[in-house]
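**Student:** Got a predicted structure here, sequence first:
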Amino acid sequence: MSVGGVGIPRLQDLTYIEVALGNVAQGATFEQVRRALVDRAAAVARDGDTDGSYSARKWELTRADTKKHVHNTVDVLKELMRLGWVEKHILPSGPSSAYAHSDSVFTLTSAGETWAALVASDRRAAYNALTGVLLSTHPQFEGFLRLLGARPDSEVEHLTIPLLRFSASGYRSNAVYLDAFVDFATEAAAQGVLGWVAPPEAISEGVRGYVRRIEERARARQKELSRKQFATTCEEAMSRLVFSAAGCPLDYISLELLRRWTRFLGLANFSYYAPGPSAMRLWSTALVTGSDASVEIRRRVGKEVRRAALDALWAVWREQRSDAAGGMYLPVWQLRAAVCWKQRISDDEFDRALREALAGEHPGLGLRIHLDQASMRGAPASTKPLIIPSASGLRRVFNVISVAPEASAHLTPSTTTEET
């Protein structure tokens, strides 16, 4: 949906709202807001850099180019106006007209002033309040949480989108893969445990029709989809079909944004690698009641939740090891996905549980946990590394993990000294 309506705005990072509103509160111009958002994007890239790919020069050039990041700036200002936190104001139609609005300034409403004061004094409470406003402003945001089991009236605990990996079918052509994909999805849906239902003919036509339209568009540009692009198109088609069948139509970009938003807010999680047949699995990590000022959020977090995750670690480890091809380690992201899916918790809670265990904060665990910085294979793009600060304050990235029972467990990361 267009960001001009009630659809999900194209905000890759919810903290853009905080950055933009804070700058507006200080009387910043459009150009100053743009630069502040570039700085935020650069900080996110720098903090997420684990392979040395971050380029300060690239972000310096982006900051200096008044045509870069204009769409992001317009989208976040539109959203602030939609939320009722900034007074309506004319915005650039695109990068080429940004120069005409570079000196424009904006005015906070009383609600915007209230949130600006709250985020300065209690950031957690401010983002809880933002959740309440998003629920009442964007029906798709509320529908997404309901389908994942985060709302009191939810009838399901999770939502599963069956996806046949393009490397798994041994297909000889895109057409063969498409047939296998549709068959796989239809058989999965027939089990009745995915959180949605659709007849086989609807699945077939929904996926094939979407793929056909994308192929026709590519051919109109005298291009052909690569196998990877074709597999991604099938995933987009299946995701759209699932959410429509579940009663909350979403385009794929909106789904990606909602996954990111709700993970950041501690409301939901997702994984392509949770145990079971190939799928994208999405689940709630909180119960959200009410909306606007009456919103209440109960997240599955805390020492007891993390202890329960650690108590489940050994059983999950053995299940995952039974499917592994030898060796004494598993990728951290693989074990994390399995535990978080089983316990319905966030990645952050799993990572914190491991850090607490290594620090000896969970006595009587009876496990030896060993982490290493070696890498078995590249981590999927949808996962994140486990980062534990060293004694010197630098970050150490751990890629693999080993778990074993031990009467008097000694839990420790590897002594490898490589740091990032």
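**Tutor:** Nice, I can see it.
**Student:** Where does the residue nearest the centre of the chain sit: helix, strand or coil?
**Tutor:** In the chain, the residue lying closest to the centroid (CA atoms, centre = their mean) is Arg260, at 2.9 Å. Following DSSP: H, G, I helix; E, B strand; the rest coil, we place Arg260 in the helix state.
**Student:** Tell me who's in contact with the closest residue to it other than its chain neighbours.
**Tutor:** The shortest distance from Arg260 to any non-neighbouring residue, by CB to CB, 6 or more residues apart in numbering, is to Gln12 (7.0 Å). No exception for glycine: its C-beta is placed from N, CA and C like everyone else's. Shown in contact with Gln12 (CB atoms under 8 Å, 6 or more residues apart in numbering): Ala41, Asn72, Leu257, Arg260.
**Student:** In strands only, show me those residues.
**Tutor:** Assignment to strands by DSSP state E places none of the contacts of Gln12 there.
**Student:** sorry, back to before: please report how far the residue nearest to Arg260 lies from Glu60.
**Tutor:** To Glu60, Gln12 is 20 Å away according to CB to CB, to the nearest Å.
**Student:** Phe230 too?
**Tutor:** The value you get for Phe230 to Glu60, if CB to CB is used, is 38 Å.
**Student:** Of those two, which one has the most company?
**Tutor:** Comparing Phe230 with Glu60 by neighbour count (other CB atoms under 10 Å), the higher total belongs to Phe230, at 22 against 12.
**Student:** Would you mind confirming that Val70 is in contact with Leu91?
**Tutor:** No: the pair Val70 / Leu91 is not scored as a contact, 9.5 Å apart, by CB atoms under 8 Å.
**Student:** Compare the two and say which is more crowded by neighbours.
**Tutor:** Taking neighbours as other CB under 10 Å, Val70 and Leu91 compare with Val70 leading, 24 against 18.
**Student:** any idea how far that one lies from Ser97?
**Tutor:** Distance from Val70 to Ser97, by CB to CB: 9 Å.
**Student:** got it, and Leu267?
**Tutor:** Counting by CB to CB, the gap from Leu267 to Ser97 is 37 Å.
**Student:** The two: which is more packed in?
**Tutor:** Leu267 (23 against 12).
**Student:** quick one: that one and Ala150 touch, right?
**Tutor:** Yes: in terms of CB under 8 Å, Leu267 counts as a neighbour of Ala150; the distance is 5.7 Å.
**Student:** Could you name every residue contacting both of those two?
**Tutor:** With CB under 8 Å, 6+ apart, Leu267 and Ala150 have common neighbours Ser284, Thr285, Ala286, Val288.
**Student:** Which members of these are the farthest-apart pair?
**Tutor:** The most widely separated members of the shared contacts of Leu267 and Ala150, counting by CB to CB, are Thr285 and Val288 (10.4 Å).
**Student:** ok, Ser346 - contacts?
**Tutor:** Going by CB under 8 Å, 6+ apart, Ser346 touches Arg263, Gly266, Asn269, Thr285, Arg300, Val301, Cys340.
**Student:** can you rerun that using 7 Å?
**Tutor:** Arg263, Gly266, Asn269, Thr285, Cys340 (CB atoms under 7 Å, 6 or more residues apart in numbering).
**Student:** All set, thanks.
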